[in-house]
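Asker: Sequence first, then the predicted structure, then my questions.
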Amino acid sequence: MTKRKSDFDLPKLDDLFTTQEMRDDAKLERVQNIPLNELHPFKNHPFKILNNEEMERMIESIRKVGAITPALARPLPDGGYELISGHRRLAACQVLGLETMPVIVREMSDDEAVIAMVDANLQRETILPSEKAFAYKLKMEALSRQGKRSDLTFDQVGRKLETAEIIGQQADESKNQVRRYIRLTNLIPPILDMVDEKRIAFTPAVELSYLLPEEQRMLLSEMEYSDCTPSLSQAQRLKALSIQGLFTKEQLSAIMSEEKANQKERVKIPVERIRKYFPKNYTTTQMEETIVKLCEAYHRKRLRDRDAR
């Protein structure tokens with residue numbers, strides 16, 4: 001005999017002992033003091049935690065007044081919380097030996113979490129090119145998966161927006177600049193580090209991103225050997241050789257051996273370091289001429305001393 005299916009669902013145990021008001025209240029976002037050991041970094045978080053002046057200011061601020069601005073996190077299925085924003089605040093609290101920090105806990109999908117993480121961290125005072133590059137890439141992938149939503153992909157007059165254009169509008173950059181940053185994610189880590197360190201300028205770096213990984217490794221060895229980095233013109237020629245399948249070690253060495261005006265050796269002496277040795281009315285040009293004359297006199301003396309031996 002077939003058992004008749006019930007026309008109603010039995011209430012859950014929680015529903016029997018809580019009111020609707022209590023259940024609604026439980027869903028509200030509020031600032032909670034979460035133990036630091038329950039907070040875990042966002043997976044593939046592209047933003048670095050550097051021990052720099054900005055970080056020192058944050059540590060000192062939290063030391064004086066505490067962590068006022070709450071971080072944002074989402075609950076993890078197996079317990080604990082995944083940080084969406086607040087990674088540097090977490091690091092600062094750990095340095096200070098604090099046990100908890102204020103956090104807003106919010107339920108979010110993976111794509112919502114990525115977008116929130118990128119948007120929050122792009123507000124930082126200093127952002128490295130590599131951080132912006134991977135952040136834009138993560139956000140582009142997340143937005144592309146949400147592409148069916150018209151509120152994300154159409155402007156006010158119904159024009160279809162590209163994903164790069166959406167990111168650019170929100171970050172105050174052109175869609176082409178967004179694409180250029182994303183190109184940097186194709187650089188091998190040592191060369192990308194050189195971009196962050198400002199040893200390679202942004203525009204040449206974008207051109208170098210078109211080189212194959214093996215070609216980039218060859219370039220890295222050549223830069224280390226010759227102690228120089230490619231100019232925009234050189235980077236463009238290296239890119240063209242790579243696209244044409246003509247990139248060789250010999251071609252690379254020939255291009256990189258060219259002397260560049262901006263990489264000729266220079267000696268820079270701060271004016272304040274030598275000002276006391278000159279009359280107050282001396283211009284920097286007069287000081288330079290005097291230094292050159294003194295160097296010439298010193299050189300002649302060295303020659304005389306050598307000949308006298």
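Answerer: Looks like it came in fine.
Asker: Name the nearest residue to Ile84, sequence neighbours excluded.
Answerer: Nearest residue to Ile84 in three dimensions, chain neighbours excluded: Leu72, at 4.3 Å (CB to CB, 6 or more residues apart in numbering). For the C-beta atoms, the positions are set from N, CA and C on the backbone; glycine is no exception.
Asker: Tell me the secondary structure at that neighbour.
Answerer: strand (DSSP: H, G, I helix; E, B strand; the rest coil).
Asker: Report the contact partners of it.
Answerer: 83-86, 103-104, 106, 116, 120 (CB atoms under 8 Å, 6 or more residues apart in numbering).
Asker: If we only consider the residues you listed, which is nearest to Ser233?
Answerer: Ala120 (38.7 Å; CB to CB).
Asker: For the helix or strand containing the closest one, enumerate the helices and strands it packs against.
Answerer: Here Ala120 sits within helix 110-121, counting by DSSP states H and E. Contact partners of helix 110-121 among helices and strands, from 3 or more CB pairs under 8 Å, 6 or more residues apart in numbering; DSSP states H and E: strand 71-75, strand 81-85, helix 129-145.
Asker: where exactly do the strands run in the protein?
Answerer: Under the criterion DSSP state E, strands of the chain are mapped to 31-35, 39-40, 71-75, 81-85, 100-105.
Asker: what's next to stretch 120-129, contact-wise?
Answerer: Contacts for stretch 120-129 (CB under 8 Å, 6+ apart): 47-48, 52, 54, 72, 84-85, 87, 131-132, 135, 171, 181, 184, 192, 195-196, 202, 205.
Asker: What is the neighbour count of Pro102?
Answerer: 17 (other CB atoms under 10 Å).
Asker: Please name the bridge partners of it.
Answerer: Here Pro102 sits in beta bridges with Asn33, going by DSSP bridges.
Asker: gap between it and Gly80?
Answerer: To Gly80, Pro102 is 16 Å away according to CB to CB, to the nearest Å.
Asker: what does Glu288 give?
Answerer: Taken as CB to CB, the span from Glu288 to Gly80 is 63 Å.
Asker: now the helix holding Ala120 and strand 81-85, what's the angle there?
Answerer: Helix 110-121 runs at 50 degrees relative to strand 81-85, counting by axes from the mean of the first three to the mean of the last three CA atoms, to 10 degrees.
Asker: Give me the domain ranges for this structure.
Answerer: 18-110+120-126, 128-147+161-183, 187-263, 267-298 (automatic domain parsing).
Asker: quick one, helices of the stretch 201-309 of the chain?
Answerer: In the stretch 201-309 of the chain, the segments counted as helices under DSSP state H, counting those that start in this stretch are 202-208, 213-226, 232-244, 249-256, 271-274, 284-308.
Asker: Understood, closing this out.
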